[in-house]
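[1] A structural model of the following input is requested.
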Amino acid sequence: MGSLYKVSRDMARKIGHNRMQPWEPALWSATAIACTGSVAGFLGWLWWPFELASHFRAQYFSFLLACGMIFFLAKRKKWAAASSVFAIVNLFLVIPLYFGGSIAHGDTQTLRAVFVNVNQSNRAYNKLQKFIGSAKPDFVMLVEVTPAWMNALHEMQEDYPFSQYLRASKGRSGVALLSRIPISSGEVGHFGAARLPAVVARFEREGEQLTVVGAHAIAPLGRMRSEYRNQHLATLAQIVRAQTGPVMVLADLNTTSWSPFFRDLLRTTDLRDSRIGFGLQATWPTAFPPLWITIDHCLVSPRVHVRNRKVGPHIGSDHYPIIVDFSIQPG
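    A predicted model of the protein is given here:
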């Protein structure tokens, strides 16, 4: 970092037409880091830290746009231009999320799904109960669920009498589905060689079968865990391809839509990111907004029309819930 600061300072002295201000070397260094991260994010398939760099496109855009304006006002034209170019590159990656939502055809029933990573250390049981009570979803997919969480949610059984629960081994948290809609069939378990914890449930609605898959991929912190997470995503793709009819995936995938591995998941399954047309909708980490990214996802097959999508309130977890209103288009 010290050498980058020195290089930035020397470059500022060489090309600047005005006297260098004390704050400029620090801003030049930060701008160089943001530009480097922007490039590294395109190379996520090469090295796991590069994939981590791909998650912050919105932050890169906002920061580089601000830097470009500051450099322009300070008459540092070359750096103003460089900042602006990289800001625009990141903007082109972010802006598709705000346009191009799917179009509903016909008058079909609207259902509501909720997904929450409750955080296994979270004890604010009443906050989740209150949220579910106010949102009134038709079904709720939960991850990082512990036996204590299931006991706390037992009183909701009258409203959600149909449930599936995967209790992970060795004290790890599991995956749970609470539903007010009868489940026609389903499986729970650790799927594939990567042992992806998942719940697969099938519902019969208006003559159509909807398959809902709930899963939780491991956090990719390090080379081995990153490879394991990628195996989780590949296993999830296998589960989706094995289904017939409309599919919805509700999962904490521990990656964002700018990761090459996320794009591979969409490409190999024909799933669609439900955020398209609704914006960023960041879900994690709740405690530090400058680093907000979306790692909690709802992915849908072509016949699932997303009518509305939003982020829920803080429920004590380090993740925000997501709420998805959708309908199934006739085949």
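[2] The residue nearest to residue 64 when sequence neighbours are not counted and residue 249: what is the separation?
    Distances taken as CB to CB, 6 or more residues apart in numbering place residue 87 nearest to residue 64, at 3.8 Å, with adjacent residues excluded. (Each C-beta comes from the backbone N, C-alpha and C, glycine too.) Using CB to CB, to the nearest Å, residue 87 is found at 32 Å from residue 249.
[3] neighbour count winner among these two?
    residue 249 (26 against 23; other CB atoms under 10 Å).
[4] Partner strands of the host helix or strand of the more buried one and their direction?
    Using DSSP states H and E, residue 249 falls within strand 247-252. Using DSSP bridges, strand 247-252 pairs in its sheet with strand 208-216 (parallel), strand 296-300 (antiparallel).
[5] show me where the stretch 51-200 of the chain has helices.
    57-73, 77-94, 125-135, 147-152 (DSSP state H, counting those that start in this stretch).
[6] Show me how far the third one is from its chain's centre.
    The gap between the average C-alpha position of helix 125-135 and the chain average comes to 22 Å, counting by CA atoms, centre = their mean, to the nearest Å.
[7] which strands and helices sit next to it?
    On a contact count with 3 or more CB pairs under 8 Å, 6 or more residues apart in numbering; DSSP states H and E, helix 125-135 meets strand 111-117, helix 147-152.
[8] most tightly surrounded among the ones you listed?
    strand 111-117 (a mean of 24; mean count of other CB atoms under 10 Å).
[9] Report the rounded mean pLDDT for that one.
    Averaged over strand 111-117, pLDDT sits at 98.
[10] Please enumerate residues in contact with it?
    Strand 111-117 is contacted from outside by 128, 132, 135-144, 181, 205, 212, 214, 216, 248, 250-252, 283-284, 296, 298, 312, 315, 317-319, 321-328, using CB atoms under 8 Å, 6 or more residues apart in numbering.
[11] Each with direction, which strands does it pair with?
    In the sheet, strand 111-117 lines up with strand 139-145 (parallel), strand 322-328 (antiparallel) (DSSP bridges).
[12] what angle do the first one and helix 125-135 make?
    Taking axes from the mean of the first three to the mean of the last three CA atoms, to 10 degrees, one finds strand 139-145 and helix 125-135 inclined to each other by 160 degrees.
[13] now strand 139-145: how far from the chain's centre is it?
    15 Å.
[14] Other residues contacting it?
    For strand 139-145, contacts defined as CB under 8 Å, 6+ apart pick out 111, 113-120, 132, 149, 160, 165, 173-181, 197, 199, 201, 203, 212, 214-216, 250-252, 317.
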